[in-house]
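Please work out how this folds:
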Amino acid sequence: MSDIFRYSDGELPLLVSVPHDGRRIPDDIRERMTQAGRDIPDTDWHVAQLYDFVRDMGAKLLVADFSRYVVDLNRSAEDGDLYPGQVVTGLCPERTFAGEDIYSTGGVANDDKERRIGNYWRPYHDHIDATLTAMREKHGYALLWDAHSIPSVVPRLFDGELPELNLGSNDGASCGAAIETAVAEIAGLSDYSCVVNDRFKGGYITRHYGSPANNIHALQLEIAQRAYMDEKSTSFDEKKAADLRDTLRRMIRTYLETANS
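Predicted coordinates for the structure are as follows:
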């Protein structure tokens with residue numbers, strides 16, 4: 001059992017990845033952090049709890065244990081720019097989404113970054129790669145669903161309030177068109193506001209692993225946190241979450257059914 005992530009196996013050809021709900025920070029990193037950094041405000045709060053139902057469906061669930069402030073698993077190891085012209089959050093962030101310093105002294109040196117990649121980033125990605133490969137070998141195809149959330153309003157990153165459901169496929173490059181359309185239609189029929197490939201087109205995980213030509217399809221769903229929690233207190237809202245889960249179940253079932261048709 002890894003101490004870097006938690007993994008639940010399942011029989012379906014679907015892996016749900018939760019890279020940003022981790023809260024752990026090693027002591028040697030924490031001691032150099034500001035209070036703003038230690039508060040880890042940019043956590044995808046409770047996303048693992050929100051998606052826990054997929055285990056009963058038979059999907060595989062992969063959840064990172066360490067904070068994105070240690071290393072952002074949804075960025076490339078080369079720290080490439082996902083959204084040119086917009087604020088860069090980076091592989092090892094040094095500022096919060098609000099622009100506050102994460103470290104009280106210095107930032108993240110190159111040797112420290114390499115160590116974090118080896119200790120935390122690579123094991124997570126090795127597991128994704130191996131799991132997708134095994135699913136494709138067994139079923140003929142593999143599906144990846146990258147699960148995220150974000151505060152509804154983050155002025156430094158985008159204008160106004162985000163829609164509740166933000167589906168991304170890297171402008172169609174990471175997922176077959178028919179599959180993406182079917183999933184988006186389910187979201188569009190729900191009570192939640194929804195956009196596709198708008199502000200969030202999918203991060204590194206979606207872009208790197210999604211390869212429809214090789215029978216691997218990947219989608220990212222970024223959920224505005226007002227849809228399932230209280231954003232001021234960061235507390236989980238069971239009633240909101242139950243309602244949202246109904247829509248998520250329909251979206252994921254459609255993902256599976258359309259890919260298998």
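
Can you tell me the SS state at the closest residue to Trp121 other than its chain neighbours?
Among residues not flanking Trp121 along the chain, Val71 sits closest, at 4.8 Å (CB to CB, 6 or more residues apart in numbering). C-beta: built from backbone N, CA, C; applies to glycine. Classification of Val71 by DSSP: H, G, I helix; E, B strand; the rest coil places it in coil.

Name all residues that make contact with Val71.
Shown in contact with Val71 (CB atoms under 8 Å, 6 or more residues apart in numbering): 91-92, 113, 116-117, 120-121.

Leu144 in helix, strand or coil?
strand.

can you give me the helices for this structure?
Secondary structure of the chain (DSSP state H): helices at 27-30, 35-38, 47-50, 54-57, 110-116, 122-139, 177-188, 204-209, 238-259.

do you know which of those helices lies nearest Pro151?
The stretch from the helices of the chain with the least distance to Pro151 (CB to CB) is helix 47-50; that distance is 13.0 Å.

chain center to that closest one: distance?
The chain centroid and the centroid of helix 47-50 are separated by 11 Å under CA atoms, centre = their mean, to the nearest Å.

Comparing the helices of the chain, which stretch has the densest surroundings?
Among these, helix 204-209 has the highest mean neighbour count (mean count of other CB atoms under 10 Å), at a mean of 23.

which strands and helices sit next to it?
helix 122-139, strand 142-150, strand 216-224 (3 or more CB pairs under 8 Å, 6 or more residues apart in numbering; DSSP states H and E).

Run through the neighbouring helices and strands of the last one.
For strand 216-224, the packing partners by 3+ CB pairs under 8 Å, 6+ apart come out as strand 142-150, strand 165-168, helix 177-188, helix 204-209, helix 238-259.

Export these as a markdown table, with columns for distance to Met135 and mean pLDDT.
Shown next, in a markdown table, are the helices and strands packed on strand 216-224 (distance: least, CB to CB, whole Å; pLDDT from 0 to 100):
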| stretch | distance to Met135 | mean pLDDT |
| --- | --- | --- |
| strand 142-150 | 4 | 98 |
| strand 165-168 | 21 | 98 |
| helix 177-188 | 15 | 98 |
| helix 204-209 | 11 | 98 |
| helix 238-259 | 11 | 98 |
